[in-house]
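Engineer: Need a 3D model of the sequence below.
(2 chains)
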Amino acid sequence: GAVVSQHPSRVICKSGTSVKIECRSLDFQATTMFWYRQFPKQSLMLMATSNEGSKATYEQGVEKDKFLINHASLTLSTLTVTSAHPEDSSFYICSARRQTGSYEQYFGPGTRLTVT
Amino acid sequence: GENVEQHPSTLSVQEGDSAVIKCTYSDSASNYFPWYKQELGKGPQLIIDIRSNVGEKKDQRIAVTLNKTAKHFSLHITETQPEDSAVYFCAATPLYSSASKIIFGSGTRLSIRP
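Structural biologist: You can find the predicted model right below:
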């Protein structure tokens, strides 16, 4: 099967600091990765689409300067939350799509971010 | 753009009974409809999917049906077990390109009563 990992699984940071979350496709190459945010008891909200070697495409209302996305290789995408605030506390989930262009997305286990 | 509505938001069924979750979508260009199961504190897991060229797909106790004319699709879980308790999301992909986005429904919290 297709496995996607995220690191860290949980992170607590102080307000004003930055935190980086990694998303890796372990056994396949992913030209496209997606970043979602999920608040408690809500659905997944797409933040941005990350294509390997190019700039990410952000959804409306998502600040690109606050949520920095880098997709430097076919197996790694990173999301950096800059100058984090308590309202950024959420569950961040990435997903990856195979390079073959199939529709299936494989989701990572998520990262719980708490900003104090 | 695509909009996916999901009902009910919560569902409680007796162990052994069936559970049905229904979704509607708005964009007739959608051609791929996955269903995800999310357990507490974990990422979503794909449990079954269906493409627009078929009307039904079954995998053991799980089945999905699609009515393209009505833009409805449903998840059916038979002989429910306690481990089926989770949040289920339907989704639709409106585009044909590999960069297409998956649009999620609002989720259904399924509880299986012992």
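Engineer: Counting neighbours, what do you get for the residue nearest to B:His7 when sequence neighbours are not counted?
Structural biologist: With CB to CB, 6 or more residues apart in numbering or on different chains as the measure, B:Lys22 is the residue that lies nearest to B:His7, at 5.4 Å, once sequence neighbours are left out. From N, CA and C alone the C-beta is placed, and that goes for glycine too. Counted with other CB atoms under 10 Å in any protein chain shown, the neighbours of B:Lys22 add up to 17.
Engineer: cool, B:Glu56 as well?
Structural biologist: Neighbourhood size, B:Glu56 [other CB under 10 Å]: 12.
Engineer: mind checking how far it is from B:Ile62?
Structural biologist: Distance from B:Glu56 to B:Ile62, counting by CB to CB, to the nearest Å: 12 Å.
Engineer: Next: B:Gly16.
Structural biologist: With CB to CB as the criterion, B:Gly16 and B:Ile62 are 15 Å apart.
Engineer: So if I had to pick from the two, which one is more boxed in?
Structural biologist: Shown here are B:Gly16 and B:Ile62; by other CB under 10 Å, B:Ile62 has more neighbours (16 against 12).
Engineer: Tell me the bridge partners for the residue nearest to the more buried one when sequence neighbours are not counted.
Structural biologist: In space, and not counting its chain neighbours, B:Ile62 is closest to B:Ile48: 5.2 Å by CB to CB, 6+ apart. Beta-bridge partners of B:Ile48, counted by DSSP bridges, are B:Trp35.
Engineer: Thought B:Arg61 was touching B:Ile48, still the case?
Structural biologist: No - with contact defined as CB atoms under 8 Å, B:Ile48 does not count as touching B:Arg61 (10.4 Å).
Engineer: what secondary structure does the most centrally placed residue in chain A sit in?
Structural biologist: Centroid check for chain A by CA atoms, centre = their mean gives A:Trp35 as the closest residue, at 3.6 Å. Secondary structure state of A:Trp35, per DSSP: H, G, I helix; E, B strand; the rest coil, is strand.
Engineer: residue contacts, it?
Structural biologist: Counting by CB atoms under 8 Å, 6 or more residues apart in numbering or on different chains, A:Trp35 makes contact with A:Cys23, A:Leu46, A:Met47, A:Ala48, A:Ser50, A:Phe67, A:Ile69, A:Ser77, A:Leu79, A:Tyr92, A:Ile93, A:Cys94.
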